[in-house]
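A.B. asks: Attaching a predicted model along with its sequence, questions to come.
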Amino acid sequence: MNESAKKFTLDELISLVDLPKRTVRFYIQKGLVDRPEGPRRTATYTDRHLEQLLTIKKWQRAGLSLDRISQILRQEAEGELPPPPPKKAGDVEVWSRLHLHEGMELHIEPQKAGLTPEKVRQLAREITKLYTKLVKGEEPK
């Protein structure tokens, strides 16, 4: 490690990431964050620890579980991201079902598709316009 790199006490680190000490220690125990450097009472944390904690917070804000975050962090360390975990009984997904015309529906999982409710409505309007043009025999633009 670069000796000129910034080192933090646990109190400084938790202040920077806005997490309780208990949470940081839990993440270390679970292997999500590297162990601190040095003896316990004088342990120090580096920019790497800061990055790890900020990454965990980012993924949690995105709705991922700690198990999923752990998978992602392991795979990132190996240079690749894992495929999404298989769905299990009891998993909940929210889908939008857009009725476009008799016999035609569009099923969307807005969160995975990265669509806001307004964008889903806009998509429905545009697809409806395109379908109407196709039925009337007009060439789409």
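C.D. replies: Nice, thanks for sending it over.

A.B. asks: Flag the shaky bits of the protein, pLDDT-wise.
C.D. replies: Along the chain, the parts satisfying pLDDT under 70 run over 1-4, 77-84, 140-141.

A.B. asks: same thing but at 90, please
C.D. replies: 1-6, 38-42, 59, 61-65, 67-121, 123-125, 127-141 (pLDDT under 90).

A.B. asks: hey, where'd the strands end up in it?
C.D. replies: 7-8, 45-46, 96-101, 104-108 (DSSP state E).

A.B. asks: want to try CSV for these, with mean neighbour count as columns?
C.D. replies: All C-beta spots, glycine's among them, are computed from the backbone N, C-alpha and C. As requested, those are arranged in CSV below (neighbours: other Cβ atoms under 10 Å):
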stretch, mean neighbour count
strand 7-8, 18
strand 45-46, 22
strand 96-101, 12
strand 104-108, 12
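
A.B. asks: Just the angle for the top helix by length along the chain relative to strand 96-101, thanks.
C.D. replies: Assignment by DSSP state H gives helix 117-135 as the longest helix of the chain. Angle, helix 117-135 to strand 96-101, by axes from the mean of the first three to the mean of the last three Cα atoms, to 10 degrees: 20 degrees.

A.B. asks: For helix 117-135, which helices and strands make contact with it?
C.D. replies: In terms of contacts (3 or more Cβ pairs under 8 Å, 6 or more residues apart in numbering; DSSP states H and E), helix 117-135 is packed against strand 96-101, strand 104-108, helix 110-113.

A.B. asks: In PDB, list the C-alpha atoms belonging to it.
C.D. replies: Taking Å, rounded to 0.1, in the frame of the first residue of the first chain, the C-alpha atoms of helix 117-135 are listed here in PDB:
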ATOM      1  CA  PRO A 117     -44.200   5.500 -14.700                       C
ATOM      2  CA  GLU A 118     -44.300   8.500 -17.100                       C
ATOM      3  CA  LYS A 119     -41.800   6.700 -19.500                       C
ATOM      4  CA  VAL A 120     -44.000   3.600 -19.300                       C
ATOM      5  CA  ARG A 121     -47.000   5.700 -20.300                       C
ATOM      6  CA  GLN A 122     -45.000   7.400 -23.100                       C
ATOM      7  CA  LEU A 123     -43.900   3.900 -24.400                       C
ATOM      8  CA  ALA A 124     -47.500   2.800 -24.500                       C
ATOM      9  CA  ARG A 125     -48.500   5.900 -26.400                       C
ATOM     10  CA  GLU A 126     -45.700   5.400 -29.000                       C
ATOM     11  CA  ILE A 127     -46.400   1.700 -29.500                       C
ATOM     12  CA  THR A 128     -50.100   2.400 -29.900                       C
ATOM     13  CA  LYS A 129     -49.400   5.000 -32.500                       C
ATOM     14  CA  LEU A 130     -47.000   2.600 -34.400                       C
ATOM     15  CA  TYR A 131     -49.500  -0.200 -34.200                       C
ATOM     16  CA  THR A 132     -52.300   2.000 -35.600                       C
ATOM     17  CA  LYS A 133     -50.100   3.000 -38.500                       C
ATOM     18  CA  LEU A 134     -49.200  -0.600 -39.300                       C
ATOM     19  CA  VAL A 135     -52.900  -1.600 -39.200                       C
END
